[in-house]
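Participant: Coordinates for the following, if possible.
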Amino acid sequence: MRAPRIQGTAHLDAGIVDGIAMIDYDKPDDDPVVAEVRRAREELAAEFHFDLHAIFKEMRRRQALEPHKYAVPSVQTASSKPRKRAV
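Facilitator: Numbering: from 1, shown residues only. Take a look at the predicted model:
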């Protein structure tokens, strides 16, 4: 049995949605914030050998240690306004 191939995270960018190019790949990235986020994403993924289960396990561990640093999605309760169903 072969070991799984490890790949980077570049394939996770938006690319083309509904025939519209979301990112101009021919234009160099000049936005330093985007570059920093991508660098951090690549480093984190490499640290966990691009294993999403390991990455999320670590994220949940960090959230448990410092819950005030992480956003927690609100839960819709039964008393919340119901959404209309699509026809």
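
Participant: Just checking, which helix or strand succeeds the longest helix anywhere in the chain along the chain?
Facilitator: Ordering each helix of the chain by length in residues (DSSP state H) puts helix 32-47 first. Next in sequence after helix 32-47, counting helices and strands by DSSP states H and E, comes helix 52-65.

Participant: which helices and strands sit right next to that next one?
Facilitator: Under the contact criterion of 3 or more CB pairs under 8 Å, 6 or more residues apart in numbering; DSSP states H and E, the helices and strands touching helix 52-65 comprise an empty set. In this view, the C-beta of every residue, glycine as well, is placed from N, C-alpha and C.

Participant: how does it look with 10 Å?
Facilitator: Taking 3 or more CB pairs under 10 Å, 6 or more residues apart in numbering; DSSP states H and E as contact, the helices and strands that helix 52-65 lies on are helix 32-47.

Participant: Pull the helix it packs on out as CSV, backbone CA atoms only.
Facilitator: The C-alpha trace of helix 32-47 is given here as CSV (Å, rounded to 0.1, in the frame of the first residue of the first chain):
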residue,chain,number,x,y,z
PRO,A,32,0.2,41.7,2.2
VAL,A,33,-2.7,40.6,4.4
VAL,A,34,-3.7,37.9,1.8
ALA,A,35,-0.1,36.8,1.5
GLU,A,36,0.3,36.5,5.3
VAL,A,37,-2.9,34.5,5.6
ARG,A,38,-1.8,32.1,2.9
ARG,A,39,1.6,31.8,4.4
ALA,A,40,0.1,31.0,7.9
ARG,A,41,-2.3,28.5,6.3
GLU,A,42,0.5,26.7,4.5
GLU,A,43,2.7,26.6,7.6
LEU,A,44,-0.2,25.2,9.8
ALA,A,45,-1.1,22.6,7.2
ALA,A,46,2.5,21.5,6.8
GLU,A,47,2.9,21.3,10.6
